[in-house]
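Enquirer: Need a 3D model of the following:
(chains A and B)
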Protein chains: 2
Amino acid sequence: MSGPAASDPLFGKRVTVEQVEEGHDLAPKFDAAGFIPCVTTDFHSGEVLMVAVMNREALAKTIETGEAHYFSRTRQAVWHKGATSGLTQTVVRMRIDDDQDALWLEVAVAGSGASCHVGYRSCFYREVPFGSAAGRPLRFTETERRFDPVAVYGDAPNPTIL
Amino acid sequence: MSGPAASDPLFGKRVTVEQVEEGHDLAPKFDAAGFIPCVTTDFHSGEVLMVAVMNREALAKTIETGEAHYFSRTRQAVWHKGATSGLTQTVVRMRIDDDQDALWLEVAVAGSGASCHVGYRSCFYREVPFGSAAGRPLRFTETERRFDPVAVYGDAPNPTIL
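Expert: Take a look at the predicted model:
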């Protein structure tokens, strides 16, 4: 697929608030950079695995193939999740929010079930203390890596940007 | 609280990838506009309720008070969720991701348990068809509003931006 054809667009035009919020047209809002945020949860555990962005092409490919595609801002390219690690994400359910500027994917993760480039199951492996505990250190909620990032990614650049 | 004091910052400096990914310092990355995305799930059901952004002040207030504060891009102000509707979100758990550029709040929602300005429980009340069904209409996964937006918000401007 080379993207939706102009005569049969996959993405509708955003015309009215009522249409966007209450209609049946997929009319996603991409930001000025062309991105829409996407939350990905594990279909089985419900855990939030990651937050990423998609561009139009990544969203179209996810819809077409049923496998999660994102846009890598580090690599500036559409990113078929798991292409390197084998830890692909098969979409079980996909939802869009009220104003259609955010997506939620529920996925089944292949292999070890990890989705984090650091090797953990979820990217959200640290808890932030709050209230009277505010300022105390982050607490790890996962302690064992599911895979060895060096073995999987070799010397590919780390995607974390300071 | 008027924000963290300079001598005792709530947010650490981002110095190395290892420190950000593996350390115990809260060192969030705010984007060029000063925002960090936040996914909010229902602590009881696990459902994704909404995706929003926080700025530094909203994050500091959330940590301090244990109630979710976001930044409203429509109103250009810190937004104490539920201040108008009464549907406040009490934070049960707060996590940050590997590169510390996204947050995950698990919350207990007051009142009717709704978090969506359209009146639904979750902002994600429509499913996007994919694979062979791609292009078919969005399917509503919630059909009953939990509250009447007109009664709650009156003639306040709708936050949806086309």
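
Enquirer: neighbours around the residue lying closest to residue A:15 once chain neighbours are set aside, how many?
Expert: Nearest residue to residue A:15, sequence neighbours excluded (CB to CB, 6 or more residues apart in numbering or on different chains): residue B:162, at 7.5 Å. Heads up, the C-betas are built off the backbone N, CA and C, glycines and all. The number of residues packed near residue B:162 is 13, by other CB atoms under 10 Å in any protein chain shown.

Enquirer: Show the contacting residues for residue B:162.
Expert: A:14, A:15, A:16, A:17, A:20, A:29 (CB atoms under 8 Å, 6 or more residues apart in numbering or on different chains).

Enquirer: The fifth one: how many residues sit nearby?
Expert: Spelled out, that is residue A:20. Other residues lying near residue A:20 total 23 when counted by other CB under 10 Å.

Enquirer: Could you look up the SS state of it?
Expert: Using DSSP: H, G, I helix; E, B strand; the rest coil, the structure places residue A:20 in helix.

Enquirer: State the distance from it to residue B:156.
Expert: In this view, residue A:20 and residue B:156 are 18 Å apart by CB to CB, to the nearest Å.

Enquirer: ok, the residue nearest to residue A:15 to residue B:98 distance?
Expert: The gap separating residue B:162 from residue B:98 is 34 Å, by CB to CB.

Enquirer: what do you get for residue A:146?
Expert: Counting by CB to CB - residue A:146 and residue B:98 are separated by 13 Å.

Enquirer: what are the ranges of the strands in chain A?
Expert: Under the criterion DSSP state E, chain A contains strands at A:36-42, A:48-54, A:69-72, A:77-80, A:89-96, A:103-109, A:126-127, A:139-140.

Enquirer: Quick one: those as a markdown table, columns for mean neighbour count and mean pLDDT too.
Expert: A markdown table is the format used below for the strands of chain A (neighbours: other CB atoms under 10 Å in any protein chain shown; pLDDT from 0 to 100):
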| stretch | mean neighbour count | mean pLDDT |
| --- | --- | --- |
| strand A:36-42 | 23 | 97 |
| strand A:48-54 | 25 | 97 |
| strand A:69-72 | 21 | 96 |
| strand A:77-80 | 17 | 96 |
| strand A:89-96 | 20 | 97 |
| strand A:103-109 | 22 | 97 |
| strand A:126-127 | 20 | 96 |
| strand A:139-140 | 13 | 94 |
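
Enquirer: Low-confidence stretches in chain A?
Expert: Applying pLDDT under 70 to chain A flags the ranges A:1-9, A:135.

Enquirer: what about 80?
Expert: For chain A, the stretches with pLDDT under 80 are A:1-9, A:133-136.
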